[in-house]
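quick one: sequence plus predicted model below, questions after.
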Amino acid sequence: GQNIDQPTEMTATEGAIVQINCTYQTSGFNGLFWYQQHAGEAPTFLSYNVLDGLEEKGRFSSFLSRSKGYSYLLLKELQMKDSASYLCAVRVLEAGTALIFGKGTTLSVSS
Amino acid sequence: EAGVTQFPSHSVIEKGQTVTLRCDPISGHDNLYWYRRVMGKEIKFLLHFVKESKQDESGMPNNRFLAERTGGTYSTLKVQPAELEDSGVYFCASSPTWNTEAFFGQGTRLTVV
């Protein structure tokens, strides 16, 4: 089967750094995506990793280790607007072109 | 550029009724996906269109669900007859190619009572 795990909830304060972890056990691997979703809105693409290493995009960075089945999303200089659900998703070609999602991590940023 | 749009945003229907959800992908995106999120669960794949053809429908739960994409533009997802367990948020997403990021619509919240 396919399994993706991420923490259910996290809290942090404005200006801080937070790391959201994602571990996966899948029958294959063809890329890992991070999406941000505010309540009632569409999931918005944040990052894509297919090779090991760190991808940096402004305040957000994403890391992948394929041998460990592990990724993290790093958010720096947190702002109140970063309060949202963060979704980890894996593409498993053996399962078609679909994305397999984790349940998401709800991040609450306080002042 | 307009994003992925879904209609309606909310729908409340009685068990046994029929509901049709519509998705308009980003113009020029050949790939269109339907996903569903049941309360408390993760977002799950339903099916994938490439233009008007069904590329992968392995996620469709049963034959009460029918998806179409005539002409390769917008898509509809019909649930007939609806059951209580069909309640959830139905997301549509589109992408220019299968291996690029998908852009999601804001979803249709379906409640079956």
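Happy to help now that I have it.

please count neighbours and contacts with C-alpha atoms only from this point.
OK.

how about the residues of chain A by chain B?
By CA under 8 Å from any CA of the partner chain, the part of chain A that sits against chain B consists of A:33, A:40-45, A:48, A:96-104.

quick one: mean pLDDT over stretch B:36-43.
Regarding stretch B:36-43, the rounded mean pLDDT is 94.

give me the residues contacting stretch A:11-27.
Contact with stretch A:11-27 is made by A:1-7, A:69-80, A:88, A:90, A:92, A:94, A:105, A:107-111, as judged by CA atoms under 8 Å, 6 or more residues apart in numbering or on different chains.

check contacts around B:D56.
Residues in contact with B:D56 (CA under 8 Å, 6+ apart) are A:G96, A:T97, B:L47, B:H48, B:F49.

with respect to B:E85, which of the residues you listed is nearest?
Of all those, B:E85 sits closest to B:L47, with 18.3 Å by CA to CA.

let's verify that closest one: helix, strand, or coil?
Following DSSP: H, G, I helix; E, B strand; the rest coil, B:L47 is assigned to strand.

neighbours of residue 48, how many?
No chain specified, so I'll use chain A. A:Y48 has 20 neighbouring residues, counting by other CA atoms under 10 Å in any protein chain shown.

look at chain B instead
Neighbours around B:H48, by other CA under 10 Å: 27.

do the same with B:F45
Using other CA under 10 Å, the number of residues around B:F45 comes to 25.

just to revisit the earlier point, filter the contacts of B:D56 to the buried ones?
Among the contacts of B:D56, the ones that count as buried by 16 or more other CA atoms under 10 Å in any protein chain shown are A:T97, B:L47, B:H48, B:F49.

so B:S94 versus chain A, what's the distance?
Using CA to the nearest CA, to the nearest Å, B:S94 is found at 12 Å from chain A.

isn't that residue right next to B:F104, touching?
Yes - the criterion here is CA atoms under 8 Å, and B:S94 meets it with B:F104 at 6.7 Å.

now for the two: what residues contact both?
The contact lists of B:S94 and B:F104 share B:V4, where a contact means CA under 8 Å, 6+ apart.

and the residue nearest the centre of chain B?
For chain B, B:W34 is the residue whose C-alpha lies nearest the centre (CA atoms, centre = their mean; 3.5 Å).

let me see the contact set for the residue nearest to that residue when sequence neighbours are not counted.
Spatially, and ignoring its direct neighbours in sequence, B:W34 is nearest to B:C92 (4.6 Å; CA to CA, 6 or more residues apart in numbering or on different chains). Residues near B:C92 by CA under 8 Å, 6+ apart: B:V4, B:Q6, B:C23, B:P25, B:L32, B:Y33, B:W34, B:Y35, B:F104, B:G105, B:G107.
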